[in-house]
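[1] fold the following.
(one chain, ligands or ions: 1)
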Amino acid sequence: MKHCPRCNQRYEDKDLNFCLNDGELLVEFDTSDAPPTLYMDSPRKTAENWPDVNTQQAGQNQQIYGYQQQQMYQPPGIPLAQTSFGTDNSLPTISLILGISAWVLMCCYLGIPLGAAAAITGYIGYSRSNQDPSRYGGGSMAVIGIVLGAISFFLTILMFVFGFIGGIIGG
Ligand SMILES: [Zn+2]
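    Got it, this is the predicted structure:
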């Protein structure tokens, strides 16, 4: 693959040396999309211990990081487990986003799948944050996600049903 530095036209023909549009000297294109198998094999052979070293280092880093976190963020007298720092808010966040999306996209009947997904993720996130508050947070976000998702879900079903009945009556 070659390409023209002036007009960026690409040429598959290796024997072509000049651009057909402007006569500019063609430059060999970086063929990173087709790496030779030779390059793929050599690192595997030479780096047999790489995954072990990698996970070991990651574990050490995690330990150091966790230790530093405790030292830096733990207020005196309060156990780390009772602080909300570092809790997992991913499910409540997903639920909230899904709930808002369901609300916005209710008109297109997307409130049913999005609302159901928001309610489910919100429920899981909420029960997690109740059972293990030291690891999972975002309970209030999860509640908003559940409420938005449920409202969107049922309103979309209502719209669907009335649209269906209206279609029968009108037709
Ligand atoms: Zn050109």
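[2] need the residues of this structure near the ion, please.
    4, 6-7, 9, 19, 21-22, 24 (CB under 5 Å from the ion). C-beta: built from backbone N, CA, C; applies to glycine.
[3] filter those down to the buried ones.
    Neighbour counting by 16 or more other CB atoms under 10 Å classes 4, 19 among these as buried.
[4] so which of the residues of the chain next to the ion sit within helices?
    Among these, no member falls in helices (criterion: DSSP state H).
[5] list just the nearest of the residues of the chain next to the ion to residue 153.
    Of all those, residue 9 has the smallest distance to residue 153: 52.2 Å, by CB to CB.
[6] isn't that closest one up against residue 21?
    Yes: Residue 9 is within contact range of residue 21, at 5.8 Å (criterion: CB atoms under 8 Å).
[7] where do the helices sit along this protein?
    Using DSSP H, helices in the chain cover 37-46, 50-73, 90-104, 111-131, 139-170.
[8] domains in the chain, as residue ranges please.
    Here the domain parsing of the chain from automatic domain parsing is 1-42, 87-170.
[9] I'd like those domains as a markdown table, with mean pLDDT appended.
    Shown next, in a markdown table, are these (pLDDT from 0 to 100):
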| stretch | mean pLDDT |
| --- | --- |
| domain 1-42 | 78 |
| domain 87-170 | 89 |
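[10] most packed of these?
    domain 87-170 (a mean of 18; mean count of other CB atoms under 10 Å).
[11] end to end, how far does that one reach?
    For domain 87-170, the first-to-last residue distance is 53 Å (CA to CA, to the nearest Å).
[12] from the ion, how far out is residue 119?
    57 Å (CB to the ion, to the nearest Å).
[13] right, and residue 87 touches residue 138 too?
    Yes: the pair residue 87 and residue 138 passes the contact test of CB under 8 Å, sitting 7.4 Å apart.
[14] need the residues touching each of these two.
    When contacts are counted by CB atoms under 8 Å, 6 or more residues apart in numbering, the set common to residue 87 and residue 138 consists of residue 129.
[15] so who does residue 144 touch?
    96, 99, 122.
[16] with distance to residue 163 added, can I get these in a markdown table?
    Compiled in a markdown table, the contacts of residue 144 are given as follows (distance: CB to CB, whole Å):
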| residue | distance to residue 163 |
| --- | --- |
| 96 | 28 |
| 99 | 23 |
| 122 | 27 |
